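Undergrad: the amino acid sequence is not available; the structure is as follows:
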């Protein structure tokens, strides 16, 4: 893929995400509708499942859950964000933290204040939260995924395996 084609594809994805969130999060009165965040997360879940099924079709099953998480950090992250997750931490009790510095999907968000940017970013990470949960579900790992933005535009995804 040429550099120009890649830029066009990235721009289209940016516009698609903007329109998705605008149409689902803004109610008829122009007010935020938090109930639609669940729809976005579920959409991410289904997409994450399908992407994972497609890219792991020729791969043998993972034997350990840590191997699944490492695969998410390396291969799955590369497919979605063209880079690996920047950091992976665990407490060895079924809780993992994936950190992405300069998380691409929120790095371009701008508002009049940092607090507004942070608030918007918290809504935009619901989709990747669902993508991760869907990917893990497709690989046989039942979990909860929570996104946190400790310092904009860094993002941490906490995965709690059930």
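TA: Yep, it's here. Given the structure is predicted, the values throughout are model-derived calculations rather than measurements. Numbers count the residues shown, from 1 in each chain.
Undergrad: any low-confidence regions in this protein?
TA: Within the chain, the segments meeting pLDDT under 70 span 1-11, 13-15, 18, 21-34.
Undergrad: any idea which residue sits dead centre in it?
TA: Computing the C-alpha centroid of the chain and ranking residues by CA atoms, centre = their mean puts residue 128 first, at 1.7 Å.
Undergrad: any idea where the strands of this structure begin and end?
TA: Secondary structure of the chain by DSSP state E: the strands cover 87-90, 95-100, 143-148, 155-161.
Undergrad: dump the residue contacts of residue 90.
TA: Contact analysis of residue 90 by CB atoms under 8 Å, 6 or more residues apart in numbering lists 66, 69, 96-97. Placement of C-beta: from N, CA and C, glycine included.
Undergrad: out of those residues, which are buried?
TA: Buried members of the contacts of residue 90, scored by 16 or more other CB atoms under 10 Å, are 69, 96-97.
Undergrad: pretty sure residue 101 sits against residue 154.
TA: Yes: at 5.1 Å, residue 101 counts as touching residue 154 under the criterion of CB atoms under 8 Å.
Undergrad: okay, those two: which has more neighbours?
TA: Comparing residue 101 with residue 154 by other CB atoms under 10 Å, the one with more neighbours is residue 154, at 17 against 14.
Undergrad: can you tell me how far that one sits from residue 102?
TA: 7 Å (CB to CB, to the nearest Å).
Undergrad: again, but for residue 153
TA: Separation of residue 153 from residue 102 (CB to CB) stands at 6 Å.
Undergrad: of those two, who's got more company?
TA: residue 153 (18 against 11).
Undergrad: cool, thanks, signing off.
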